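# Could you work out the structure for the sequence below:
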Amino acid sequence: MTDPTDLSDPADPAERRHRTAGPRLRGRTRRVTARTHWLLLCVLVVTLSAALLLQGYTHHMFGITSDDVTGPRGRADTVPGQVAHGGPVIANAAGSPHTARPKVGTIALTFDDGPDPVWTPRILDVLRHNHVHATFFVVGTQVVAHPELVRRIVAEGHQIGIHTFTHPDLSRLAPWQRSLELRETQLAVAGAAGVTTALLRPPYSSENDALDDADWSVLKQADTDGYVTVLSTLDAEDWQRPGTDRVLANATPHGRAGQIVLMHDAGGDRTQTVAALNTLIPRLKAQGFRFTTVGAAVGMAGPVQPAGPADHLQGIALIKMLQLGDWTIGLLGVLMYAAGAISVLRAAVVLVAARRHRRLRTGRRARPWGPPVTEPVSVIVPAYNESAGIEAAVRSLVASDHPVEIIVVDDGSTDGTADLVESLGLPGVRVIRQRNAGKPAALNTGLAAATCDLVVMVDGDTVFEPDAVRTIVQPFADPRVGAVSGNAKVVNRGGLLGRWQHIEYVVGFNLDRRLFDLAECMPTVPGAVGAFRRRAVLAVGWVSDVTLAEDTDLTMALCRAGWRVVYEEGAVAWTEAPASLGALWRQRYRWCYGTLQAMWKHRGALVQDGAAGRLGRRGLAYLLLFQVLLPLLAPVVDVFALYGLVFLDPLRITALWLAFLLLQLLMGLYAFRLDGERPGPLWSLPLQQFVYRQLMYLVVIQSVFTAVSGSRLRWQRMERYGSLRAPAGTETSGEDRPPRVPA
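Next up is the predicted model:
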């Protein structure tokens, strides 16, 4: 085993930094800049957002409704008389318009709104059985969903027409939207069946005399885009489902004039349509009528042509993209429900565990750890440029109501930290100076110099309550306990950022520690306030420097070695939290990345038995699910929530968000009550969802990218602000205080 007192630093001392911890997540490391990570993330988010926007437009902006034209008809001053009183097929609308009627004794059956996976095949079967060809005006979204049906329509000799992409009222759209609707439908048809068509039937259209000025503007633009408009002369009104006999009567011509019959193969239950066709076609054939397509009925020359290679490829790409979008939306829906269910389950489990933990530790039936622990304790304070807060930290330790020796290990500070501590002349305080070698090396130096078997490790920016040392060592009365986590609280709570971190410490960290304690799978004893059996730490190889989260690494090693790690909520220490978003980012980035390293290092616990297995299958699984996977899903959740507000039911989305916020608030109130905190800061909880939460999941994303890429991350030291204050009375000598362990 490496001698922990060998403090030589192979790194360049001019860097004046802590040792860099190389990741062990991949065998070969390579440098990947953060810019690459964020570029990839931005590409993914933009791609997802674009897919959702397209899905929202195509599936929720308009949607297929009945073909009933509601509302009063507008003025028809610009509609030419020859069109208003002409045939149902209208060409050259933008120039010299002319119309055409079906030939006498000719019937052109037309079907709108399809293809539909249920009704289109049944209608095609009826047509094939009767040897009849018809014209299908298809909706683009339906083509994308069922391209095989479009191919069958074309293969069986039927004609294809355009019925827009999302079935909107074209007269209410801007010109660019009209063109988009037609172009996208045309591409979908080209991609599905390899053909293009010049036939268009606008949604909600009927007969010629129903055209108004708005409709005429649509027809003129469609003509400019190369389309011939097809209206109808007989409306079966099957969309109303009035009964098979009524549908049959509406579709039956009076006299021998040629007709274009409007029916539907999608948009609802078309049982009556199928039944009416089975009677209509044989009956009209018996009367001498001939059934054909719209193009043949009016003598058009080839309205449907093979698609060009460019249109065919673009159409295939459009179909695949929208199908992928449908699949993605479905997957996101499943993930959203799963994440919501897991989050609710987690909240319930954590709250029940916290209540039980409280009863076991402080209730009337609380089980004591054993005889009071009165033996002296070694307190190790690793310090690197801690001059802003080291005096308050050391004075608070001197004020402890438990016998302690205090070992300040100055890790190559350049701001006079060691000189400052020595100048205080406090009893029982020893300063050890070493070259900058990193926090793990400083802790190992303190362990080597400690004279007590019980050791408390303290960050240099942390102030202890007078009873914190005594309280945190009491669980060591149980010989199975190898480490104890204390209760770290945020001292600088001013401003939103301070309040949010205060909430996180009380609600997130401490509630989770109660759960981990009950489940005997504590993954982390925080560096700010933690106690250890010295011999247990030495037995697992001292404090390792192979991760950036040495506290998590050490805790997991102790758990795997069979030691119990517990949480003592009464051992309170106050620590400085980052006061800027940049500082918070650097701190959490190191924490998260180091935790990932520790999880990977101790992944073998997943298949072990006993205490190691509890850590692996409980602790590591919990961290992976709630601190890695769910945060990785968070950006998708946010994007999907915005999608729901725009395209789905905003009231429902808002209600769900408020429900989850209420759940978090209830957890917060209970956690604050358990910790004896005033609930005032919880008013900022809703705002936390819009800034702090995003920052935290971006930290996780960045950490995962860094780990997977095999990059090396340097120690991210937090800026000190000097907001800590020594307990009252520690400025005087050490008289009337518990005896110190001789230095």
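
# quick one: the residue nearest the centre of the chain and Gly161, what's the gap?
Nearest to the geometric centre of the chain sits Ala634, at 2.4 Å (C-alpha atoms, centre = their mean). Distance of Ala634 to Gly161, given as C-beta to C-beta, to the nearest Å: 45 Å. For the C-beta atoms, the positions are set from N, CA and C on the backbone; glycine is no exception.

# can you tell me the helix or strand for the residue nearest to the centre of the chain?
Using DSSP states H and E, the element containing Ala634 is helix 630-647.

# Contacts for that helix next, please.
41, 45, 48-49, 52-53, 55-57, 59-61, 332, 335-336, 339, 342-343, 650, 652-654, 657, 693-694, 696-697, 700-701, 704 (C-beta atoms under 8 Å, 6 or more residues apart in numbering).

# Quick check: buried residues in that helix?
630-631, 633-641, 643-644, 647 (16 or more other C-beta atoms under 10 Å).

# Determine which two of the residues you listed are furthest apart.
Between any two of those, the greatest separation by C-beta to C-beta is 25.4 Å, found for Pro631 and Phe647.

# What about the spatially closest residue to Val344 that is not a sequence neighbour, how many residues nearby?
Take Val344 and drop its neighbours on the chain: the residue closest to it by C-beta to C-beta, 6 or more residues apart in numbering is Leu663, 6.8 Å away. If you count neighbours by other C-beta atoms under 10 Å, Leu663 ends up with 15.

# So Leu663 sits against Ala347, correct?
Yes. Leu663 lies in contact with Ala347 (C-beta atoms under 8 Å); the separation is 5.6 Å.

# what about the chain, any weak spots by pLDDT?
Counting by pLDDT under 70, the low-confidence segments of the chain come to 1-38, 41, 60-73, 363-367, 710-743.

# The longest strand seen in it pairs with which strands, and in what direction?
For the chain, the strand with the greatest residue count under DSSP state E is strand 564-575. Next to strand 564-575 in the sheet, as set by DSSP bridges, lie strand 462-464 (antiparallel), strand 481-490 (parallel).

# which of those strands is buried the deepest?
Neighbour counts (mean count of other C-beta atoms under 10 Å) averaged over each of the strands paired with strand 564-575 peak at strand 462-464, with a mean of 28.

# Kindly format the C-alpha coordinates of the next helix or strand after it as CSV.
Remark: after strand 462-464, the chain's next helix or strand is helix 468-473, criterion DSSP H and E. Extracted as CSV, the C-alpha positions of helix 468-473 are listed here (Å, rounded to 0.1, in the frame of the first residue of the first chain):
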residue,chain,number,x,y,z
ALA,A,468,-21.9,18.9,16.8
VAL,A,469,-18.7,16.8,17.5
ARG,A,470,-20.2,15.2,20.6
THR,A,471,-23.5,14.4,18.7
ILE,A,472,-21.9,13.0,15.5
VAL,A,473,-19.7,10.5,17.4
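
# tell me what helix 468-473 is packed against?
When contacts are defined as 3 or more C-beta pairs under 8 Å, 6 or more residues apart in numbering; DSSP states H and E, helix 468-473 packs onto strand 377-383, strand 454-457, strand 481-490, strand 530-533, strand 564-575.

# Buried ones in the next helix or strand after the last one, by neighbour count?
Right, strand 564-575. Next helix or strand after strand 564-575 toward the C-terminus (DSSP H and E): helix 581-601. Buried residues in helix 581-601, counting neighbours by 16+ other C-beta under 10 Å, are found at 583-599, 601.

# Also stretch 112-126?
112-116, 119-124, 126.

# Gly541: helix or strand, and which one exactly?
Per DSSP H and E, there is no helix or strand for Gly541.

# before we move on, what about the one 3 residues further on?
Element membership for Ser544 (DSSP H and E) is empty, with no helix or strand holding it.

# That one reaches Pro440, doesn't it?
Yes. Under the criterion of C-beta under 8 Å, Ser544 makes contact with Pro440 at 6.3 Å.

# quick one: which of those two has more around it?
Pro440 (25 against 16).

# check contacts around Ser400.
464, 466-470, 738.

# tell me the strands in the stretch 601-743 of the chain, going along the chain?
For the stretch 601-743 of the chain, no strands are identified by DSSP state E, counting those that start in this stretch.

# That one: helices as residue ranges?
610-614, 621-623, 630-647, 650-674, 685-688, 692-709 (DSSP state H, counting those that start in this stretch).

# So which elements touch the first one?
Put plainly, it is helix 610-614. Where contact means 3+ C-beta pairs under 8 Å, 6+ apart, helix 610-614 is packed against helix 550-560.

# list the helices and strands the helix it packs on packs on?
helix 439-449, strand 481-490, strand 530-533, helix 534-539, strand 564-575, helix 581-601, helix 610-614.

# what comes up buried for the fourth one?
Within helix 534-539, the residues that count as buried by 16+ other C-beta under 10 Å are 534, 536-538.

# how close does Lys320 sit to Ala348?
Separation of Lys320 from Ala348 (C-beta to C-beta) stands at 42 Å.

# about what we covered before: apply the buried test to the contacts of helix 630-647 and list what passes.
Buried among those (16+ other C-beta under 10 Å): 48, 52-53, 55-57, 59, 332, 336, 339, 653, 696-697, 700-701, 704.

# which one among those gets closest to Asp77?
Tyr57 (33.0 Å).

# What about the residue lying closest to that closest one once chain neighbours are set aside, how many residues nearby?
For Tyr57, ignoring the flanking residues on the chain, the nearest one in space by C-beta to C-beta, 6+ apart is Thr166 at 7.0 Å. By other C-beta under 10 Å, 21 other residues sit near Thr166.

# Residues that sit against both of Ser544 and Pro440, list them.
Common neighbours of Ser544 and Pro440 (C-beta under 8 Å, 6+ apart) are Glu550.
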